[in-house]
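Student: Next input, structure requested:
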Amino acid sequence: MSRIGIKPIDLPAGVTVSQSGNTIKVKGKGGELELAIRDEVSVEVGDKSLAFKRKDDSKESRAYHGLFRSLVANMVHGVTVGFEKRLDIIGVGYKADVQGSVVNLALGYSHPIKYPLPKGIKATVDTKANSILIQGADKQIVGQVAADIRSMRPPEPYKGKGIKYADETIRRKAGKAGKGAGG
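Tutor: Prediction:
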């Protein structure tokens with residue numbers, strides 16, 4: 001039995017869940033998200049909770065049971081609280097700013113980089129800490145936007161320059177040993 005799949009999801013006040021066919025829609029103050037659920041898993045929508053049942057005991061059904069329960073739980077969390085990722089920009093002259101739904105980045109290249117934000121994602125830049133805060137209701141899209149921005153200048157191991165996650169630690173390398181070391 002799936003330990004995660006059998007747990008019901010409690011719905012906070014202000015969140016409505018509707019089901020039409022195999023599609024689940026979750027609506028709250030943070031927006032509206034929808035997910036297509038596979039045939040191996042069924043959802044029972046109650047007044048204050050959601051329960052997930054699987055059709056049979058096949059390997060696929062067991063795997064999808066916990067997966068879709070987690071995905072819908074993330075949707076409920078996203079429309080109530082939301083998700084966020086913070087990126088730190090480290091390097092002399094590296095900076096970012098947001099204009100509307102475009103993040104402008106100056107990362108030491110010969111040209112500025114313009115990254116358009118997808119719908120439902122908001123970015124704010126703290127110029128004093130030189131960091132970008134990415135917020136949204138969909139956990140997958142927030143993580144993907146953060147990964148895309150980080151990939152434009154990943155942190156390098158010698159000086160630590162680049163874009164890194166706020167909670168990421170960069171393993172540093174020593175570099176060259178200097179004169180007189182080899183003989």
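
Student: average pLDDT for stretch 99-110?
Tutor: For stretch 99-110, mean pLDDT is 94.

Student: and what of stretch 49-69?
Tutor: pLDDT averaged over stretch 49-69 gives 92.

Student: element containing residue 33?
Tutor: strand 31-36 (DSSP states H and E).

Student: which of the residues in that strand are buried?
Tutor: Buried residues in strand 31-36, counted by 16 or more other Cβ atoms under 10 Å: 31, 33, 35. In this view, the C-beta of every residue, glycine as well, is placed from N, C-alpha and C.

Student: Using pLDDT, spot the least trustworthy of those.
Tutor: residue 31 (92).

Student: contacting residues around it?
Tutor: 78, 79, 120, 137 (Cβ atoms under 8 Å, 6 or more residues apart in numbering).

Student: what do you get if the cut-off is 10 Å, keeping everything else the same?
Tutor: 75, 78, 79, 82, 119, 120, 136, 137, 138 (Cβ atoms under 10 Å, 6 or more residues apart in numbering).

Student: So in that sheet, which strands flank the helix or strand containing residue 97, and in what orientation?
Tutor: Here residue 97, judged by DSSP H and E, is contained in strand 95-99. When pairing is defined by DSSP bridges, strand 95-99 lines up against strand 102-106 (antiparallel).

Student: Any regions of this structure where pLDDT drops low?
Tutor: Low-confidence segments of the chain (pLDDT under 70): 1-2, 178, 180-183.

Student: can you pull out the strands in it?
Tutor: 9-10, 16-20, 23-28, 31-36, 41-45, 49-54, 83-90, 95-99, 102-106, 113-116, 121-126, 131-136, 162-165 (DSSP state E).

Student: out of the ones you listed, nearest to residue 153?
Tutor: Nearest to residue 153 among the strands of the chain is strand 162-165; the distance by Cβ to Cβ comes to 4.6 Å.

Student: Could you point out the longest helix of the chain?
Tutor: Scanning the chain for the longest helix, with DSSP state H as the assignment, gives helix 59-80.

Student: Apart from its neighbours in sequence, what residue is nearest the residue most central in space within the chain?
Tutor: Nearest to the geometric centre of the chain sits residue 143, at 2.5 Å (Cα atoms, centre = their mean). Setting aside the residues directly before and after it, residue 143 is nearest to residue 85 in space (Cβ to Cβ, 6 or more residues apart in numbering), at 6.5 Å.

Student: So the protein: which segments form each domain?
Tutor: 9-80, 83-165 (automatic domain parsing).

Student: Is it possible to get a markdown table of those that adds distance to residue 177?
Tutor: Converted to a markdown table, the domains of the chain look like this (distance: least, Cβ to Cβ, whole Å):
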| stretch | distance to residue 177 |
| --- | --- |
| domain 9-80 | 48 |
| domain 83-165 | 13 |
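
Student: Perfect, that will be all.
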